[in-house]
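# with the sequence up front, the predicted model follows.
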Amino acid sequence: MQKNEIFLEKFDNINPRRILTWTLIFIGGVIMVTPIIFMISTSLKTGQEVYFFSLIPDKITFKNYIFVITESKFGYWMLNSLWVATFSTLSVLFFDSLVGYTLAKFEFKGREIVFIAILSTLMIPTEMLIIPWYMMSREFGWIDTYWGIAFPGLMTGFGTFLMRQFFMSLPDELIEAARIDGWSEFAIWWKIAMPLVIPALSALAIFHFLGNWTAFLWPLIITNDPEMYTIPVGLASFNGEYEMNWEIVMTASCLATIPTLFVFIILQKYIIKGIMLAGLKG
Amino acid sequence: MEEKLKNIKLYLFSIFGSLFIFSSISANAVEIEYWQYEYGARVEAIDKLIANFQSANPDITIKHTYFPYADYRKKVAIAVAAGDGPDLVQLYYGWLNDYRDTGLIQPLPKDVFSHDDIESNFFKMVSAMKVDGDYWGLPTAVRSLALFYNNDLLKEAGLSGPPETLDDMVNYAKKLTKRDGSGNLIQEGMAFDGGIGQTHHFFREVLVRHFGGKPFSDDGQKVTYNDAAGAKALKYLTDFEKTHKTTQNGFMNRGQDAFAAGKVGLYIDGSFRISKFKKAEGLNFSISELPGHNGTRYNFSSFWANALSSKAEGAKKDAAAKFLKYLTSDEAMQIWLDTVGELPAKPSVALVDENKQHPLYGPFIRGLDYATATTFVSEKPQRQSIVDAYDMVVLQDVSPEDALAKVVKKEQELFDDFFGN
Amino acid sequence: MFRSFWENLTIKQKLAITAWLFLAIPIIFYITIRFYPTYEAFYVSFMKWNLLGAKKYIGFKNYIRIWGDEDFWIVLWNTIKYAIIGVPISLLISFTVAYYLNEIRFGHQTIRALYFIPFLTTAVAMAWVWRWFYQPMPIGYFNIMLSWIGIPQQPFLRSVEQALYSVMAPAVWAGLGFQIVIFIAGLRAIPKSHFEAAEIDGAGRLQILREIILPALKPTTIFLIIISTIGFLRIFDQVYTMSEDSAGGPLNATKPLVLMIYDFAFDEFKLGRASALTVILFLLLLFVSILQLWLARNRYAKK
């Protein structure tokens, strides 16, 4: 099709009903992001103006951002969140695929048991495990450490399940051929199978990173030192009896949200694709 | 072939693992740690005192850590239980029983802190820190409640001078309330935070007594404010929001925020609030002693004490004790008063004439004279009692008698549990 | 010695050993970080323990006390309310949007992004924003907007009746984007031939919806129902941030099970009681998931 034909195709079937539908859905979309817009707008306001209802501040000020970045512990929180989420995601990508692959492409006694056992962990809510994890962390001195924050999420049943599904759809012949050629099993997995499931890996990476980035309950429990907080825990710490400035809280919330938004806008296609992929397989 | 595989796995694993285990090794040099909750002026004050102390004692370094108030108690308990945490910790005097019970703190060494010394030099309320023949902590500063009022708003309403009695307070509040065309509150006559903040103290130690009751029995083991006096006190408190419509819990989030924004006429809080209001742009306020009733006045005093955590031993304990001695010295108290605005814990510093007549601190200091402190079993649930009672009356139309009956029943269970009855 | 042992194995056996080697570390992980703690949670639920002292065996006493605790039943009911109201509302809205959004071509990507962005936000950050929105005038935007259309101010978070729904709203809002994207994927997966056949038969929009789309989306819908039910039953972040003092008030109106667990464990240090509550949560989630799967399977069998 020629370019203008594709373009014109978009305007097929324009009728009042479709325009109405479009408008309503569009307005719905705008309403969805209203909280975020107001959050940004408030972060640019001064303390006095906070109490006035306006979308665009009279006097735009970056004072709040400067304050949060230089005088609060936000820098630490950002760093901690980044560190932990990245490490955890890398671990999940590595181990969940390794396990998924093993369960998909190897035949051995007990394989089904292992698979069902791992799958069953999906039923165990983290809320039930936080107390034992806490006891464990106390014993081994993991409180207020990156390891302490990250260890519960290093491997997931969901990721394993997902990767297994994808690996199962890979042709066995490929692997057989490599074996005959004398490749080590690890190399087969790493160099042949993995590249073929990159869409799944990206979907998993996105899910896991996001989940980790926004995780709240466990990081709340395992950290005491405000310098070790992750971003959600740091944000919640504004709920103090003695200090509460809305414009500061909004600014911190913005700083917490804007990086994710930014990444999303750039990688939108891949992210949505990944989720659709995961949804269909699940 | 398979060995190579194993090596690769171990190799990768150890890289990942060691990166993290590395960061979990904390560097513990010869230093002690001091914990308090986060509040601008207090952090500033401790930093000053640490600086002074460290220059006089170069062999000791003090790490200053602080958390938001909401998490504070939790963090301390968790940390000390884990063998982590501070050597010197600030605790609200009302948590003493809790902290002692769970083994978080240890008694002050008698050789550094003699009882005679304490009893003759500190305000009487400090005796709340004495249990079973030991002192478990000492405060740098104490606080009481007073009435803050907005001069501009009072003038506008044609009122001169602060209210002197509880009844006055109601009348003032009514005159200071403003609503817009649709009946929405735009100016609160009297701000209460519905039980949180200092309101629950105001209820227990001031109102209940004014109406002829007592919050607890003399031995501290029975909750006694669920009587007629208590009901009258609760009615007086909730009437502001319910009947007189001068108050709205949640207006501009909190009473202190609304007062700082110049939208409140009268507000009761502690001396620690002075620095926040001083910083508020354009706020013209004054302070007076809490209104009285039937010719008497009551007040609530409280304090945050510095204690030695059960984790401190040997050299660290000695260093911590030394710092604590400095923290409770006259010099430290004056610095605290100037920086934080909290009243010195020693009459020798506090009742100096210029402090007594001070326009801002004076009313609080004068209030120390007739103030009482509650010995809490566990502050949070006991605070929640008053919050719930208030909510029941205001939100659910429950009668004050029924509301109090319900919360006191629960609170008494708490007490019975604790005292083993 | 190892070499000759190795050479005597069949290929099948070698592969099996490799598989177990690959699985070694993960198995250790799952056992120590998932299964053993689960056992520990059950174990501690029969104890009385305050974290510092020794554990004292007290049998079923924790469970009995929970049964008799009036607050527990309020909390349990709250938790269930979050789910039975939150899930249908979410799915209804997200399906409607997905259905119509799927037909839009102009600006589809952008509009889809608008709906999806809330999903990327941190619950705590957004809970702050919504908390502010719920304030009474003059700072609460919702009340300001209500005043424009002449509706009296609402207490929202300060009302025993409205608080739970007020806290639920941001949770629903954040989850819509994800559900919409999954629904669209499901819609797109329906083979075009079905629609063409329907057109030939002269079927109307409603009919197509009822007879083609909804049945085809059943697995997707079930997937979403289970995931969002579990999500709502575990709600915590929003309540912690939006209730005064994180107490789940006013008067326990917003308090869910997870907050009760947190309070007992890390506020009152009654770890036995808290563990018992986590066991109850686990059983609740298990029961709900199995129930939903079973109901779904039944419907499948009927067809």
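Sure thing, it's come through.

# name the helices or strands packed onto the helix or strand hosting B:Ile386?
Element membership of B:Ile386 [criterion: DSSP states H and E] is helix B:379-396. Applying 3 or more C-beta pairs under 8 Å, 6 or more residues apart in numbering or on different chains; DSSP states H and E, one finds that helix B:379-396 contacts helix B:199-201, helix B:228-242, helix B:400-419. For glycine as for every other residue, the C-beta is placed from the backbone atoms N, C-alpha and C.

# of those helices, which is nearest A:Thr145?
helix B:400-419 (34.7 Å; C-beta to C-beta).

# low-scoring stretches of the chain, by residue?
Here I'm looking at chain A. A:1-13, A:47-48, A:50-53, A:239-244, A:278-282 (pLDDT under 70).

# actually chain B
Looking at chain B by pLDDT under 70, you get B:1-30, B:70, B:81-83, B:195, B:421.

# do the lengthiest helix in chain A and chain C meet at all?
Longest helix of chain A, by residue count under DSSP state H: helix A:246-281. Yes: interface with chain C: helix A:246-281 contributes A:246, A:249-250, A:252-254, A:256-257, A:260-261, A:264-265, A:268-269, A:272, A:275-277, A:279-280 (C-beta under 8 Å from any C-beta of the partner chain).

# which stretches of chain B form strands?
Per DSSP state E, chain B carries strands over the ranges B:31-37, B:61-67, B:88-92, B:105-106, B:130-131, B:134-135, B:138-150, B:178-179, B:185-191, B:264-270, B:285-288, B:299-309, B:343-344, B:371-372.

# return the most buried member of the ones you listed.
strand B:343-344 (a mean of 29; mean count of other C-beta atoms under 10 Å in any protein chain shown).

# what comes into contact with that one?
B:140-144, B:271, B:330, B:333-334, B:336-337, B:350, B:355, B:361, B:364-365, B:368 (C-beta atoms under 8 Å, 6 or more residues apart in numbering or on different chains).

# quick check, central residue of chain C?
Nearest to the mean C-alpha position of chain C, by C-alpha atoms, centre = their mean, lies C:Gly231 at 0.6 Å.

# right, and it touches C:Phe178 too?
No: C:Gly231 lies out of contact with C:Phe178 (C-beta atoms under 8 Å); the separation is 9.8 Å.

# can you list the domain ranges for chain B.
Following automatic domain parsing, chain B resolves into domains at B:26-143+B:302-372, B:145-300+B:377-419.

# nearest to C:Lys14, of these?
domain B:26-143+B:302-372 (45.3 Å).

# contact partners for residue 118?
Chain wasn't specified; assuming chain A. Contacts for A:Ile118 (C-beta under 8 Å, 6+ apart) come out as A:99, A:103, A:157, A:160-161, C:26, C:30.

# oops, wrong one, chain C.
A:32-33, A:35-36, C:126, C:173-174, C:176-177.

# show me the contacts for A:Val92.
Counted by C-beta under 8 Å, 6+ apart, A:Val92 has contacts A:153-156, A:159, A:204-205, A:208.

# that one falls within a helix, correct?
Yes: A:Val92 sits within a helix when classified using DSSP: H, G, I helix; E, B strand; the rest coil.

# how far away is it from chain B?
12 Å (C-beta to the nearest C-beta, to the nearest Å).

# re the thing from before, quick check: which element contains the residue nearest to the centre of chain C?
helix C:218-233.

# buried ones in that helix, by neighbour count?
Neighbour-count burial for helix C:218-233 flags C:220-233 (criterion: 16 or more other C-beta atoms under 10 Å in any protein chain shown).

# and whatever helix or strand A:Asn64 lives in with helix A:246-281, angle?
Using DSSP H and E, A:Asn64 sits in helix A:63-71. For helix A:63-71 against helix A:246-281, the angle between stretch directions is 80 degrees (axes from the mean of the first three to the mean of the last three C-alpha atoms, to 10 degrees).

# for helix A:63-71, which outside residues touch it?
Taking C-beta under 8 Å, 6+ apart as the rule, helix A:63-71 contacts A:43-46, A:74-75, A:247-248, A:250-252, A:255.

# filter those residues down to the buried ones, PyMOL style.
Of the contacts of helix A:63-71, the buried ones can be selected in PyMOL as follows, counting by 16+ other C-beta under 10 Å:
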select buried, chain A and resi 43+44+45+74+247+248+250+251+252+255
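
# and which of the contacts of helix A:63-71 is nearest chain B?
A:Thr46 (10.0 Å; C-beta to the nearest C-beta).

# how many residues are close by residue 116?
Looking at chain A here, since you left the chain open. Using other C-beta atoms under 10 Å in any protein chain shown, A:Ile116 has 9 other residues around it.

# the intended chain is chain C.
Neighbour number of C:Phe116 under other C-beta under 10 Å is 22.

# B:Gly161 now?
Residues near B:Gly161, counting by other C-beta under 10 Å: 11.

# ok, now the one 3 residues further on?
A total of 16 residues lie near B:Glu164 under the criterion other C-beta under 10 Å.

# how about the one 10 residues further on?
The burial metric for B:Lys174, expressed as a neighbour count using other C-beta under 10 Å, is 16.

# now do the same contact list for it.
B:Lys174 touches B:189, B:244, B:246, counting by C-beta under 8 Å, 6+ apart.

# for the contacts of A:Ile118, which one is nearest B:Ala405?
Once C-beta to C-beta is applied, the member of the contacts of A:Ile118 that ends up nearest B:Ala405 is A:Gly157, at 49.8 Å.

# need the contact list for that closest one.
A:118-122.

# how about the residues of the stretch 201-350 of chain B by chain C?
Going by C-beta under 8 Å from any C-beta, the residues of the stretch 201-350 of chain B near chain C are B:248-253.

# at 10 Å instead, please
Residues of the stretch 201-350 of chain B lying near chain C by C-beta under 10 Å from any C-beta of the partner chain: B:248-254, B:257-258, B:261, B:263, B:310.

# among these, which ones are in helices?
B:257-258.

# before we move on, back to that, of the residues of helix A:246-281 next to chain C, select the buried ones using a ChimeraX command.
A single ChimeraX command selects the buried members of the residues of helix A:246-281 next to chain C (16+ other C-beta under 10 Å):
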select /A:246,249,250,252,253,254,256,257,260,261,264,268,272,275,276,277,279,280
